[in-house]
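Undergrad: build me a model:
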Amino acid sequence: MDLRRLTVLRELERRGSLARTAEALHLTPSAVSQQIAALAREFGAPLTEREGRGVRLTGQARILLGHAEAIAARLERARADLAAYGSGGRGQVTIGCFGSGILGLVPPALRALAERLPHVRVDVVEAEPPDVFTALDAGRLDVVVAVDFAAAPPHTDRRYSRTDLLTDILDVAVPEDHPLAARDRVPLRELAAAPWIVGAAESCCGAAARAVCAAAGFTPDIRHPVNDWGALIALVEAGAGVALVPRLVRPLYARRRLAVRPAAGEPPSRNVFAAVRAGAEGDPVLRAVREQLRTSAAELAEAG
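TA: From the prediction side, this is the model:
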C-alpha cells in the first residue's frame, strides 16, 4: 500500500473535487486522477464514479478510508512510542494557527514552552481550515489550533485527537462617538443598517461574523472586507464602520479610540481547539505543547 495515495484519497473526500484536491496538494488534476486510479488497481476496487462533470467517492472508497484512518493512527502511535523512548526533550514542532489565535493565545504558550522545553524549536504558521488540516495530514504541521466552523472537521473525525481550549467571545466594536458606544451592551439588530467591516467568508472570523448577524436577523452591509485585525480596528477607530472582534485580539484594541461592548443577549462566541494526528497524542513533546496551550487558554479565560 502506498500511503501517499491514501493521503490523496483522504484529501479528495475533504475537498470534493479533483481540481480542489490538486490545488490543495500542489498537484495537477491529472496527477490526482492517476494516484486514485493506481490505488484502485492496487485494491482491485473502484474508488470514484462520475457525477455530472465531477466525481464522487464509491462505497468501497469509504470502506478503504476507514481502514486508512486506523493505519495512519497506528503509524503515529509508533512515532510517539519511539519519541517517548528517548527523553522527549529535543526536536522541532510546527504549530498551525489562525491569525487571532497567534495574537492572543500562542505567544504566552511559546514563552512558557521556551522555559519548559529549551531544546525544542517551536515554529508557528498562520493557517485556517481546511488548509491547516491538509498540512497536518501531510506532516508539514504537528499541532493545529483552530476554530469550529463549517470548514473544520467535526468532533467525531477519527483522524485527529483534539483538545478543547477555550470559548472566545465576540464583542461589538463601534467608533467611540457612535450612538451605541454609551450602552453597556449593544443589541446587534440595531446595527443592521450600519456599514460593516468583516473578513472573508471562507475565514473563521468572517464566517462567524456573518453567522452571528444572520442569527440576529439581518445580512450585514459589508463595506470593507478586511482580514487583518490591525487594519479592521483602525477602520473602526476612523469611523468607517462597525465590526465583531474576538477577545483574543484584545491587545490590539486596548488603547485605541473605539468602544468595544458585549453584544446584548447570549454572547456570540466560537470554540477554539487544538488537534494532532490520531495516534500522536502520546508523543511527549506534542503532549507538552498541548498541555501548555490548554494552560494558556485557561489563564486567558480566567482573565476574562
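Undergrad: mind pulling the model confidence for the closest residue to R77 other than its chain neighbours?
TA: Nearest non-adjacent residue to R77, counting by CB to CB, 6 or more residues apart in numbering: G279, 4.0 Å away. Using the backbone N, CA and C atoms, a C-beta is placed for each residue, glycine as well. At G279, the pLDDT value in this model is 91.
Undergrad: and T156, by the same measure?
TA: 90.
Undergrad: surely it is in a helix?
TA: No. Under the criterion used here (DSSP: H, G, I helix; E, B strand; the rest coil), T156 is coil, not part of a helix.
Undergrad: please tell me how far it sits from R255.
TA: Distance, T156 to R255, by CB to CB, to the nearest Å: 43 Å.
Undergrad: who's in contact with the residue nearest to L191 when sequence neighbours are not counted?
TA: Using CB to CB, 6+ apart and skipping the chain neighbours, the partner closest in space to L191 is V242 (5.4 Å). Neighbouring residues of V242 by CB atoms under 8 Å, 6 or more residues apart in numbering: 172-175, 178, 191, 194-197, 236.
Undergrad: may I have the beta-bridge partners of V242?
TA: V242 forms beta bridges with W196, as assigned by DSSP bridges.
Undergrad: model confidence over the helix or strand containing A40, on average?
TA: A40 is part of helix 29-43, with elements assigned from DSSP states H and E. Here helix 29-43 scores 91 as its mean pLDDT.
Undergrad: before we move on, what about stretch 177-189?
TA: Averaging pLDDT along stretch 177-189 gives 96.
Undergrad: can you check the distance spanned by stretch 186-201, start to finish?
TA: For stretch 186-201, the first and last residues are 23 Å from each other (CA to CA, to the nearest Å).
Undergrad: buried sites along it?
TA: Of the residues in stretch 186-201, 186, 188, 191, 194-199 count as buried by neighbour count, 16 or more other CB atoms under 10 Å.
Undergrad: what does it contact?
TA: If you take CB under 8 Å, 6+ apart as the criterion, stretch 186-201 is touched by 172, 174, 180, 205-207, 209-210, 212-213, 216-218, 220-227, 232, 235-236, 240-244, 261-265.
Undergrad: can you give me how far that stretch is from the chain middle?
TA: Distance, stretch centre to chain centre, for stretch 186-201: 23 Å (CA atoms, centre = their mean, to the nearest Å).
Undergrad: neighbouring strands of the helix or strand following the helix holding A40 in the sheet, and parallel or not?
TA: Per DSSP H and E, the first helix or strand lying C-terminal to helix 29-43 is strand 48-51. Strand pairing for strand 48-51, determined by DSSP bridges: strand 54-57 (antiparallel).
Undergrad: for the strand it pairs with, buried residues please.
TA: 55, 57.
Undergrad: following that strand, which helix or strand shows up next?
TA: In N-to-C order, the element after strand 54-57 by DSSP H and E is helix 59-85.
Undergrad: now the helix or strand immediately after that following helix in the chain: buried residues?
TA: The element immediately downstream of helix 59-85 (helix or strand, assigned by DSSP H and E) is strand 91-97. By 16+ other CB under 10 Å, the buried positions in strand 91-97 come out as 91, 93-97.
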